[in-house]
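>>> coords below, sequence missing:
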Ligand SMILES: Nc1ncnc2c1ncn2[C@@H]1O[C@H](COP(=O)(O)OP(=O)(O)OP(=O)(O)O)[C@@H](O)[C@H]1O
């Protein structure tokens, strides 16, 4: 039995003339302990997909199953790191993380909760800002609080909706490594939605493209055959990295091109920084 399974999932917004079929016939199966990345075009329905998996939305048809049970609501078994951080503005950094930890560990005493809060705030490098409120923080700092808050809840599955996009390269790299540490420690299961192909290759076991919408579907999967732990600095010289990167980019460019020629809409390709593609 797959850990997370989406079977023939369709999602439509609106009614009548205002109806948009955003996702079409999505089939996805993730095994326990796997790290899967979905690389998507801007506006293709990535957040819709995340919300179907975390239980904030229901499919128009088809089903989303988590450990064999239909997802009907949110649950802290599935911790989501959103791209827009969603912190409570009247609480400090520490209090925001504390609230989440208390919800995840209702039976634990205050000293356990406080220790966990300081551990995770420290992990994202925000100990000096622990008593600040969100409005006193930069966007990147807020996003780090959101990462700490989600991971401190110890979710069985970590779902990430472009969580690191707003961060500078150094912080982004550090958080990628922290997320990988946490994922590998207890054999967590992870789903990363990203528009950064390199991030997907560095972190995931498989990459699956989400084609441009409307009626976005999943493309063929690309297996990442690079041993773990992966060395970021050595990746550029890794033959498998280059081959996989080339194959994914070629695929994305092809579907971007074919969509462009059959539609007047413009599609923005997922993020790729210029690099040498010689395999
Ligand atoms: N509640 C809603 N009602 C109607 N349309 C919606 C709703 N939410 C999203 N959409 C539409 O569905 C499509 C996909 O949106 P979604 O936010 O899932 O895409 P995305 O890939 O996450 O976008 P981005 O890359 O900009 O974050 C868009 O055309 C959007 O306008």
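In hand now; what should we look at? Fair warning: this is a prediction, and the values are worked out from it, not measured in the lab.
>>> what about the helix of greatest length in the chain, near the ligand?
In terms of residue count, the longest helix belonging to the chain (DSSP state H) is helix 239-261. No. Looking at helix 239-261 against the ligand by Cβ under 6 Å from any ligand atom, there are no contacts, and the closest approach is 13.9 Å. The way it works is simple: take the backbone N, C-alpha and C, and place the C-beta from them, glycine included.
>>> Would you mark the buried spots in that helix?
Applying a neighbour-count criterion of 16 or more other Cβ atoms under 10 Å, one finds 241, 242, 244, 245, 248, 249, 251, 252, 255, 256, 259 buried in helix 239-261.
>>> where's residue 181 relative to the ligand, distance?
Note on residue 181: its distance to the ligand, by Cβ to the nearest ligand atom, to the nearest Å, is 27 Å.
>>> For that residue, what are phi and psi?
Recorded main-chain torsions at residue 181 are phi -60, psi -50, according to degrees, to the nearest 10.
>>> So what's the residue count around it?
By the other Cβ atoms under 10 Å criterion, the neighbourhood of residue 181 contains 12 residues.
>>> pLDDT at it, what is it?
Note on residue 181: pLDDT of 85.
>>> and the gap between it and residue 190?
Between residue 181 and residue 190 the distance, using Cβ to Cβ, to the nearest Å, works out to 12 Å.
>>> same thing with residue 257?
Residue 257 sits 31 Å away from residue 190 when distances are taken as Cβ to Cβ.
>>> which bits of the stretch 1-150 of the chain sit near the ligand?
Where the stretch 1-150 of the chain comes near the ligand, counting by Cβ under 6 Å from any ligand atom, the residues are 13, 14, 20, 22, 40, 42, 43, 44, 45, 46, 47, 48.
>>> Quick one: the residues you listed as JSON lines, columns for distance to residue 218 too.
What follows is these, written out as JSON lines (distance: Cβ to Cβ, whole Å):
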{"residue": "13", "distance to residue 218": "19"}
{"residue": "14", "distance to residue 218": "23"}
{"residue": "20", "distance to residue 218": "18"}
{"residue": "22", "distance to residue 218": "13"}
{"residue": "40", "distance to residue 218": "9"}
{"residue": "42", "distance to residue 218": "17"}
{"residue": "43", "distance to residue 218": "16"}
{"residue": "44", "distance to residue 218": "10"}
{"residue": "45", "distance to residue 218": "10"}
{"residue": "46", "distance to residue 218": "11"}
{"residue": "47", "distance to residue 218": "15"}
{"residue": "48", "distance to residue 218": "13"}
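>>> residue contacts, the closest residue in space to residue 235 that isn't next to it in sequence?
Spatially, and ignoring its direct neighbours in sequence, residue 235 is nearest to residue 241 (4.7 Å; Cβ to Cβ, 6 or more residues apart in numbering). By Cβ atoms under 8 Å, 6 or more residues apart in numbering, the residues touching residue 241 are 201, 226, 235.
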